[in-house]
Each structure stands twice: as C-alpha cells, then as structure tokens.
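Undergrad: structure, please.
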Amino acid sequence: MKKAVACAAAALAFTASCAAAPSEAPVPPKPTPVPVAMPITTSARPAPPPCGQAAAACVSLSRLEAWLMRDRKVVRGPVPVKPGSADEPTPVGMFHVVWKDREHTSSEFGMPMPNSVFFAPGGIAFHEGSLEVSSHGCVHLSPENSAAFFDGLAKGDVVEVVA
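TA: Just a heads-up that it's a prediction; the model follows:
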C-alpha cells in the first residue's frame, strides 16, 4: 500500500507540474530581416533598326551597328560594324546588292575582303574586316557576322545606310 501511495503521489506531482506549464511553448523572437541587394534586371530591348521596311540590311553609322532583316523582322543584330573614315566615308542612302564574292581581293588595295556583299558605287561592300580600323568606305563586320550577311543577302536586296 505504501507503494501505491508513493506511485499516486508521484503521479499527482507529475500532473501538477504539467498543469503548471504553459499550454504553448514559448515562441522565439523572429529574426530581423536583413535587406538583400537584388540585381536590377531590365527587359529593355535593343532599339529597333532605324531603316525603312524595305531594307534587307540596315546600317547605322552613328550607332556603329547593322541589322540583317527578313520580312520586316530582325534576323541578326544589332551587330557591331566599322564603317569608312571621315576622309573615305560609307555613303548614306538606299542601295541594292549588286553582286557577292565569298573570296574577294580588293583590286585597289590588294587586301582580302572575305564574304563581300557589294551594294554601292565605288566597290562599297559589307565584308569581314577590323572592327577597330576604319575601312575605305566599306562596312567591316566580324568573321561570323560577315558570313551571316553574305548568306542572308541576295542580289537585288535593299541595303539602307543611315547617318
């Protein structure tokens, strides 16, 4: 019986300690949020080509950029270009592709002009060339872009060059 009383006393003490405990555990304080620098993203698209709707190729001399167009949509560009110098400028206006030569060599300067697409009087063409050194009126493109313009333009296509 002493054992039963001792067990009952222990049970009562346990129940009393449980009853004295709060019904919910204490909630720890929430950490203060630290502001995180988020990268700024923009959905800004490049400015549209400054040429008319008939252009299959567009060149902006002031922006040093060119676009290859098909059905009034940009298929390549803007891509960097290096046009003629102030002494030998690339002519401004609307032209048509006259002829193309993948492995052309300049008869005037004896220099290779890979992927040449001739579009203006005086032998003015798109072709592979330095993007650092001005041409003699032609429009220099990188090797990849000159190949794309060569493949993307056909005889008779409109080339528009704007200031």
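Undergrad: CA atoms for contacts and neighbours, from now on please.
TA: Will do.
Undergrad: name the nearest residue to the spatially most central residue of the chain, sequence neighbours excluded.
TA: Nearest to the mean C-alpha position of the chain, by Cα atoms, centre = their mean, lies P46 at 7.9 Å. By the measure of Cα to Cα, 6 or more residues apart in numbering, the closest residue to P46 outside its immediate chain neighbours is P78, 7.7 Å from it.
Undergrad: for the one you found, what are its contacts?
TA: P46, P49, E65, A66, W67 (Cα atoms under 8 Å, 6 or more residues apart in numbering).
Undergrad: check which helix or strand it maps to.
TA: For P78, the host element (DSSP states H and E) is strand 73-80.
Undergrad: re the thing from before, ok, the residue nearest to P46 to S107 distance?
TA: When Cα to Cα, to the nearest Å is the yardstick, P78 and S107 sit 30 Å from each other.
Undergrad: re the thing from before, got the contacts of P78 as a markdown table, with pLDDT, secondary structure and distance to V158 columns?
TA: Putting the contacts of P78 into a markdown table (pLDDT from 0 to 100; DSSP: H, G, I helix; E, B strand; the rest coil; distance: Cα to Cα, whole Å) gives the following:
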| residue | pLDDT | secondary structure | distance to V158 |
| --- | --- | --- | --- |
| P46 | 74 | coil | 22 |
| P49 | 89 | coil | 14 |
| E65 | 97 | strand | 17 |
| A66 | 97 | strand | 13 |
| W67 | 97 | strand | 12 |
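Undergrad: I'd like the distance from the strand holding P78 to the chain centre, please.
TA: Remark: strand 73-80 is offset 10 Å from the chain centroid, using Cα atoms, centre = their mean, to the nearest Å.
Undergrad: that strand: partners in the sheet, and parallel or antiparallel?
TA: In the sheet, strand 73-80 lines up against strand 65-70 (antiparallel) (DSSP bridges).
Undergrad: pull the CA atoms of the strand it pairs with into CSV?
TA: Output in CSV follows, covering the C-alpha atoms of strand 65-70 (Å, rounded to 0.1, in the frame of the first residue of the first chain):
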residue,chain,number,x,y,z
GLU,A,65,25.5,48.8,-85.8
ALA,A,66,23.9,46.8,-88.5
TRP,A,67,20.9,44.5,-88.8
LEU,A,68,20.0,41.7,-91.2
MET,A,69,16.3,41.8,-91.9
ARG,A,70,13.8,39.4,-93.5
